[in-house]
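Engineer: Provided below for reference: sequence and predicted model.
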Amino acid sequence: MSAWKKLSREELLVVVARQAAQLESRGGQLASQAARIETLTSKLGSALARIAELESKLGGGPGGKTSHFVKAGRPKKTESDGAKRKERTESFVRRREEPTRVIEIGADACPDCGHELSGGTLVSSHQVIDIPQASYEVIEYRRLKRWCGHCGKYAMPPSLRPARAVKNSRFSPWVMSLVAKLVTVNRMTHRGVQEYLASVHHLNVSEGAISAMLHTVAEHGRPVYEGLVAEARASPVVHADETGFRENGRNGYIWALATKLARVFHWEASRAQRVITDLLGDDFSSVLVTDFYSAYTGLECPHQWCWVHLLRAAREAREKDPDDGALRAWVEKLKAFHQRACRLRDRVAGWPQAARAEARRHVEAKLLQLAGHPVSTTGPARKAGNLIRKFAHELFTFIEHPEVPPDNNAAERTLRPVVVARKVSGGTRSPRGTDTKMILLSLFGTWGLRGENTLASSYQMLTSPAHP
């Protein structure tokens, strides 16, 4: 039965009266809104008339011309107006990772009635990159001998594989590789490695244990290091340089060989020529690129002296006397000469070897003429002039051999991490520590140069069956 049928006549009359009053009130509201609309329409008409009047004064409007102080609308460009916009091969939007875990966030219950909720429609998503806070793990390998009842003897267990343990060390190959990388590549001190392992992995190790791990990695990498030395000697182009490095408070030098795919470091207490001679070997016949240090002179191999050092000597002379116009002009000519020689190298790269050698001799003669200027003979640029007159025959090897660069930047960049490490540690404390340092610098430097993952490469070397 409907609810209206339950009401009495008097109750129905009350309802009807209430609705009639509501209708009357709504009618008054409608009349008020109609009056307001009429007022707004009148104002709109006045505004449109005012706009038309202003447009007529400015000379605009339909069919009119825009006044000189009114900016005309810019027409849309067509394909004939210019080249099409270059299409991007990739966007600059932050790349979304493939999630390893998905956590759904939603209301468990209705906030109004408390009804339990499930399912849902995706509103938004936000990715957070996290690193699990993993502690170290202690793995105990128990080697068991087992009795064979058929043969009547014990079967001895196999030895541990290199992937599980390195000799009798209590640290895994991965831990050793991590420590070696932190010290060699990231240039962390032993104390810094201690703090990192304790705070991140909750592993407490002593400085002696860290040194032992470095020695172990270096010993396993010694055959690889010797292979890098042989590879550098056989390379067609070798860059060489040296820098100071102390061992137990004693002055010494790190000699570096840099090739396209290898880095070799060697420490000696001496800076004499015999060091580079022994390092390159008796049969070395490749092109050697160096600065003007006297130890590199007289070597029986093709040579390319560094143009950057030559230009630096000329620049230093100009800085000492910046008001000397003749000196400034000579330095600018020397710089322009070097740039023309580099362009010539690019032009003759495809020529026969004899033609490139002839071009090289021609440029050498021109440079000697420039070095005959009084500024470079008796003037302030004597140092640069003397270098040119003494080494002119080996300043343009890069023209005859286009694969040779005219500068020694490769060796300079190779030694830069060593110089930074020297500022951090001050050197090494023992001959064994120096030997370990040279091997690790060579290994990690070569892996990084080749674009390899240095941590993975060290682990692979330690776990290789070739290294028992």
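Structural biologist: On my side now, so go ahead.
Engineer: Pull up the gap between Ser285 and Ile139, please.
Structural biologist: Look at Ser285 and Ile139: by C-beta to C-beta, to the nearest Å, they are 52 Å apart. Where you see a C-beta, it was placed from the backbone N, CA and C, and this is true even at glycine.
Engineer: okay, those two: which has more neighbours?
Structural biologist: Counted by other C-beta atoms under 10 Å, Ser285 and Ile139 do not tie: Ser285 has more neighbours, with 13 against 7.
Engineer: Would you confirm that that one contacts Val238?
Structural biologist: No. Counting by C-beta atoms under 8 Å, Ser285 does not reach Val238; the two are 10.7 Å apart.
Engineer: Pull out the buried positions in the helix or strand encompassing Cys342.
Structural biologist: Secondary structure from DSSP states H and E places Cys342 in helix 325-347. By neighbour count on 16 or more other C-beta atoms under 10 Å, the buried set for helix 325-347 is 327, 330-331, 334, 337-338, 341, 344-345.
Engineer: Give me the contacts around the next helix or strand after that helix.
Structural biologist: The helix or strand immediately downstream of helix 325-347 is helix 353-371, counting by DSSP H and E. Defining contact as C-beta atoms under 8 Å, 6 or more residues apart in numbering, one finds that helix 353-371 is touched by 330, 333-334, 337, 341, 344, 348, 351, 376-377, 385, 388-389, 392-393, 395-397, 399-402.
Engineer: can we see that at 10 Å?
Structural biologist: Helix 353-371 is contacted by residues 330, 333-334, 337-338, 340-341, 344-345, 347-352, 376-377, 381, 384-390, 392-402 when judged by C-beta atoms under 10 Å, 6 or more residues apart in numbering.
Engineer: how many other residues sit next to Val420?
Structural biologist: Val420: 11 surrounding residues under other C-beta under 10 Å.
Engineer: Chain neighbours aside, what residue packs nearest to it?
Structural biologist: Arg187 (6.0 Å; C-beta to C-beta, 6 or more residues apart in numbering).
Engineer: ok, now Arg345?
Structural biologist: Spatial nearest neighbour of Arg345, chain neighbours left out: Ile399 (4.9 Å); criterion: C-beta to C-beta, 6+ apart.
Engineer: How about the contacts made by the one you found?
Structural biologist: Applying C-beta under 10 Å, 6+ apart to Ile399 gives the contacts 341-342, 344-349, 356-364, 406.
Engineer: One more pass at 7 Å, please.
Structural biologist: Applying C-beta atoms under 7 Å, 6 or more residues apart in numbering to Ile399 gives the contacts 341, 344-345, 348, 356, 359-360, 363.
Engineer: Closest to Gln133 out of the residues you listed?
Structural biologist: Nearest to Gln133 among those, counting by C-beta to C-beta, is Arg345 at 55.5 Å.
Engineer: The closest one contacts His401, correct?
Structural biologist: No. At 9.3 Å, Arg345 does not count as touching His401 under the criterion of C-beta atoms under 7 Å.
Engineer: May I see the buried residues of stretch 258-277?
Structural biologist: Neighbour counts over stretch 258-277 (16+ other C-beta under 10 Å) mark 258-259, 262-268, 271, 275-276 as buried.
Engineer: Same check on stretch 164-181?
Structural biologist: 165-166, 171-173, 175-181.
Engineer: pLDDT on stretch 311-322, on average?
Structural biologist: In this model, stretch 311-322 has a mean pLDDT of 92.
Engineer: Show me what it is in contact with.
Structural biologist: By C-beta under 7 Å, 6+ apart, stretch 311-322 touches 327-328, 331, 334-335, 338, 380-381, 383-384, 387.
Engineer: Please identify the buried residues of it?
Structural biologist: For stretch 311-322, using 16+ other C-beta under 10 Å, the buried residues are 311, 313-314, 317-318.
Engineer: Where does Glu11 sit: helix, strand or coil?
Structural biologist: helix (DSSP: H, G, I helix; E, B strand; the rest coil).
Engineer: Quick check: pLDDT value at it.
Structural biologist: pLDDT recorded at Glu11 is 74.
Engineer: Equivalent analysis for His68, please.
Structural biologist: For His68, the pLDDT comes out at 49.
Engineer: where are the low-confidence patches of the chain?
Structural biologist: Across the chain, the ranges flagged by pLDDT under 70 are 1-7, 59-86, 88-92, 163, 465-468.
Engineer: quick one, helices of it?
Structural biologist: Applying DSSP state H to the chain gives helices spanning 9-58, 173-184, 190-201, 207-234, 273-280, 307-320, 325-347, 353-371, 374-377, 382-391, 397-400, 409-425, 431-449, 454-462.
Engineer: Mind putting the ones you listed into JSON lines with distance to Arg95?
Structural biologist: Compiled in JSON lines, the helices of the chain are given as follows (distance: least, C-beta to C-beta, whole Å):
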{"stretch": "helix 9-58", "distance to Arg95": "52"}
{"stretch": "helix 173-184", "distance to Arg95": "26"}
{"stretch": "helix 190-201", "distance to Arg95": "26"}
{"stretch": "helix 207-234", "distance to Arg95": "35"}
{"stretch": "helix 273-280", "distance to Arg95": "46"}
{"stretch": "helix 307-320", "distance to Arg95": "39"}
{"stretch": "helix 325-347", "distance to Arg95": "38"}
{"stretch": "helix 353-371", "distance to Arg95": "47"}
{"stretch": "helix 374-377", "distance to Arg95": "56"}
{"stretch": "helix 382-391", "distance to Arg95": "51"}
{"stretch": "helix 397-400", "distance to Arg95": "41"}
{"stretch": "helix 409-425", "distance to Arg95": "30"}
{"stretch": "helix 431-449", "distance to Arg95": "25"}
{"stretch": "helix 454-462", "distance to Arg95": "23"}
